[in-house]
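J.: Give me the fold of what follows.
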Amino acid sequence: MLAIAAAVFAFYPSDHYIFLPDPARSVEPLVHVEGEHEDEGPGGIYMVDVIVRKASLLERYFPRIHEGATVIPAGVYNPQNLPERIQRQQGLAEMSSSQRIAAAVALRELGYKVTPDGVVVSAIDVGSPADGVLEPDDVIVGANGKDVGDPEDLSAVMADLKPGEKVTLQIERAGSEQTVEVGTKASEDNPPRAIMGILIEPKLDLPVDITIDTGQIGGPSAGLAFALDIMDELGPTDIDHGERVVATGELALDGTVHEIGGIEQKTVGARDAGADVFLVPDANAEAARKYADGLRIVPVSDLDEALHALATL
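T.: Residues are numbered from 1 along each chain as shown. Below you'll find the model as predicted:
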C-alpha cells in the first residue's frame, strides 16, 4: 500500500502547473534566409524556452526536486480555463507573429524597406466578443473611421474605448472588403483596457524569403534571438564574434525588446547550454542575475542595444 501511495504522489497530476528549464538551442538550424552566409565557426545565436506541464502531487509540494522549477496554480496560469488545444493554438500564433516581426525588424536594420499594410488577425479567444465575428487571417485596415496600417494604429483606437463599447472595423476577408462591428470586454490589466479578444500581427510583405521552423514551440519571447540570427546570416559581419549568445525578449515592430515570463527557467536553460552571455529585456535583468551563477547577464531595451552589446564583447 505504501508503494502504491508513493507512486500516486509521484505521478498523479495536481491542480498546479510546473515551469521547468529547457536548455537553450541554436537558432541557426531553424532559420533559413535567402542568400544567407555559411557559418561553420564557433559560437552562434541561441533561443531558450520553458517547459510547462501539469505538476505531479510530488512536484506540487516539492518543486525544488528540479533545479529552477516554479509551481503556479492553474487559475493563475490559465485564468480563462481554456482547453489545452486552444492554449497551444494561441502560443503557436504568438510564435508565428514573433517570427514575422523579427524578420521585418532585422531586414530594416540591414537597410531593406519593410512597411506594414494592415493588421492580420492571427488567433481569436474562444467566447470573446470577437468570436464568431472575426476570423483568423482577416486583415484589419480601418477602425472607427481611422486607417489601420500597423498594430500601433489599432491600439490607439482601442485606447479611446471603454470596456463594453463596440468598435467598427473595416476588414479584408477572402479578397473582399467588409465592415463589421465588434464588442469589447475588460482586459485583466490594472486598470482594465477594452479588448476584442484577438491576437494580431502586422501584415508584412518581406523583400527577402525567410522561413523559421520551430515546430510546436509557442510564445513570442524568441523574437530577439530570431532577429539577431537573421542579421548574422544575411549581414556583412559575424555579430556573435564566436561567442555562444543566448537571447530572449519579445520584439516589437519598432525594435523595442519587451519583458518576458519564465526568466528563472530561461536563465538556468542558458547556463545549462554553456552560454557565454545572456541578453535579456531590461525589465528581466534583475531577476536573471539572481539565477545567473556566473553567467554574464546583459540587459537590452531594443535591437540596437543588443547589437552594440555584441559588438563590444
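
J.: starting at the chain centroid, how far to stretch 118-127?
T.: 16 Å (C-alpha atoms, centre = their mean, to the nearest Å).

J.: To clarify, my last question referred to stretch 105-112.
T.: Worked out by C-alpha atoms, centre = their mean, stretch 105-112 lies 20 Å from the chain centre.

J.: Only the buried residues of it, if you could.
T.: Neighbour counts over stretch 105-112 (16 or more other C-beta atoms under 10 Å) mark 105-109 as buried. In this view, the C-beta of every residue, glycine as well, is placed from N, C-alpha and C.

J.: same deal with stretch 274-286?
T.: Neighbour-count burial for stretch 274-286 flags 275-281, 284-285 (criterion: 16+ other C-beta under 10 Å).

J.: average model confidence for that stretch?
T.: In this model, stretch 274-286 has a mean pLDDT of 97.

J.: show me where the stretch 101-250 of the chain has helices.
T.: Remark: helices assigned in the stretch 101-250 of the chain by DSSP state H, counting those that start in this stretch are 151-159, 223-234.

J.: just checking, what packs against the last one?
T.: Read it as helix 223-234. Applying 3 or more C-beta pairs under 8 Å, 6 or more residues apart in numbering; DSSP states H and E, one finds that helix 223-234 contacts strand 31-33, strand 44-56, helix 84-109, strand 244-247, strand 250-251, helix 303-311.

J.: mind redoing it with 6 Å?
T.: strand 31-33, strand 44-56, helix 84-109, strand 244-247, strand 250-251 (3 or more C-beta pairs under 6 Å, 6 or more residues apart in numbering; DSSP states H and E).

J.: now the ones you listed as CSV including distance to S176 and mean pLDDT?
T.: Converted to CSV, the helices and strands packed on helix 223-234 look like this (distance: least, C-beta to C-beta, whole Å; pLDDT from 0 to 100):
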stretch, distance to S176, mean pLDDT
strand 31-33, 34, 94
strand 44-56, 39, 95
helix 84-109, 24, 91
strand 244-247, 41, 97
strand 250-251, 33, 96
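
J.: just those: most buried one?
T.: strand 244-247 (a mean of 28; mean count of other C-beta atoms under 10 Å).

J.: What strands line up against that strand, and which way round?
T.: Strand pairing for strand 244-247, using DSSP bridges, gives strand 44-56 (parallel), strand 277-281 (parallel).

J.: Looking at the helices and strands packed on helix 223-234, which is nearest to P21?
T.: For these, proximity to P21 was assessed by C-beta to C-beta; strand 44-56 is nearest, at 7.2 Å.

J.: Report the next helix or strand after the closest one in sequence order.
T.: With elements assigned by DSSP states H and E, the helix or strand that comes after strand 44-56 is helix 57-61.

J.: So for that next one, mean pLDDT?
T.: For helix 57-61, the mean confidence score works out to 90.

J.: who does the helix or strand immediately after that helix in the chain pair up with?
T.: Moving toward the C-terminus from helix 57-61, the next helix or strand (DSSP H and E) is strand 70-73. Note on strand 70-73: by DSSP bridges, its sheet partners are strand 13-26 (antiparallel).

J.: ok, residues contacting the strand it pairs with?
T.: Residues from elsewhere that reach strand 13-26 (C-beta atoms under 6 Å, 6 or more residues apart in numbering): 44, 46, 48-52, 54-55, 57, 59-60, 66, 68-74, 77, 246, 262, 265, 268-270, 272-273.

J.: ok, 8 Å please
T.: With contact meaning C-beta atoms under 8 Å, 6 or more residues apart in numbering, strand 13-26 is reached by 44-57, 59-60, 63, 66-74, 77-78, 246, 262, 264-266, 268-270, 272-273, 275.

J.: Could you do stretch 259-274 as well?
T.: Taking C-beta under 8 Å, 6+ apart as the rule, stretch 259-274 contacts 19-25, 46, 48-51, 67-70, 220-221, 244, 246, 248-250, 278, 280-281, 283-284, 287-288, 290-293, 295, 297.

J.: which residue sits closest to P136, ignoring its sequence neighbours?
T.: Using C-beta to C-beta, 6 or more residues apart in numbering and skipping the chain neighbours, the partner closest in space to P136 is V121 (5.9 Å).

J.: shouldn't the one you found be in contact with L134?
T.: Yes - using C-beta atoms under 8 Å, V121 makes contact with L134 at a distance of 5.3 Å.

J.: Give me the common contacts of these two.
T.: Common neighbours of V121 and L134 (criterion: C-beta under 8 Å, 6+ apart): I198.

J.: related to what we said a few turns ago, residues in contact with the residue nearest to P136?
T.: Going by C-beta under 8 Å, 6+ apart, V121 touches 130, 134-140, 198-200.
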